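Peer 1: What shape does this take:
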Amino acid sequence: MFHSTKRAKRSICIAPCRAARDCLKFLRENKIIALVGDRNFGSKGTLIDLFGLPTYLPEGPAVFSLKVGTPIIPAFVLRNPDDTHTLTFEKPIEFTPTGDKDNDLLELMEKYKLVIEHYIKTYPEHWFMFRKFWAEQEK
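Peer 2: Residues are numbered from 1 along each chain as shown. Below you'll find the model as predicted:
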């Protein structure tokens with residue numbers, strides 16, 4: 001209850017998982033949504049090479065960006081030595097769709113993947129795998 005009250009005071013809404021319609025509505029209302037972009041929690045995902053290994057990454061950020069025309073703004077939370085945290089925002093990933101939906105999705109995800117790889121390489125101690133991650137481990 002405490003966290004819900006705090007969020008409500010700041011106009012933060014937590015949408016249930018798989019609430020794609022809500023997310024699209026928020027974006028069309030010029031609101032911000034935050035999505036996990038380095039873990040595929042659902043059954044859908046796109047096979048992308050991450051560090052040279054086939055990995056399923058979530059399509060959500062790229063799909064919403066392509067549907068609404070909004071950029072993806074990668075954000076990362078980094079833990080500081082004094083146990084505080086720094087929220088880091090990268091430059092927006094701009095993308096101009098070509099009309100080829102499948103290729104556009106892959107190209108945008110490739111751009112996003114490069115940012116993820118950079119942060120994992122730079123801050124490996126900040127990235128945790130709670131379950132099997134690489135596609136070949138899923139077999």
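
Peer 1: for the closest residue in space to residue 92 that isn't next to it in sequence, phi and psi?
Peer 2: Spatial nearest neighbour of residue 92, chain neighbours left out: residue 71 (3.6 Å); criterion: CB to CB, 6 or more residues apart in numbering. No exception for glycine: its C-beta is placed from N, CA and C like everyone else's. As for residue 71, its main-chain torsions (degrees, to the nearest 10) stand at phi -80, psi 160.

Peer 1: ok, how many other residues are close to residue 71?
Peer 2: For residue 71, the count of nearby residues is 12 (other CB atoms under 10 Å).

Peer 1: Equivalent analysis for residue 59, please.
Peer 2: With other CB under 10 Å as criterion, residue 59 counts 19.

Peer 1: which residues touch it?
Peer 2: 44, 45, 46, 105, 109 (CB atoms under 8 Å, 6 or more residues apart in numbering).

Peer 1: residue contacts, residue 78?
Peer 2: With CB under 8 Å, 6+ apart, residue 78 has these contacts: 85, 86, 88, 123, 126.
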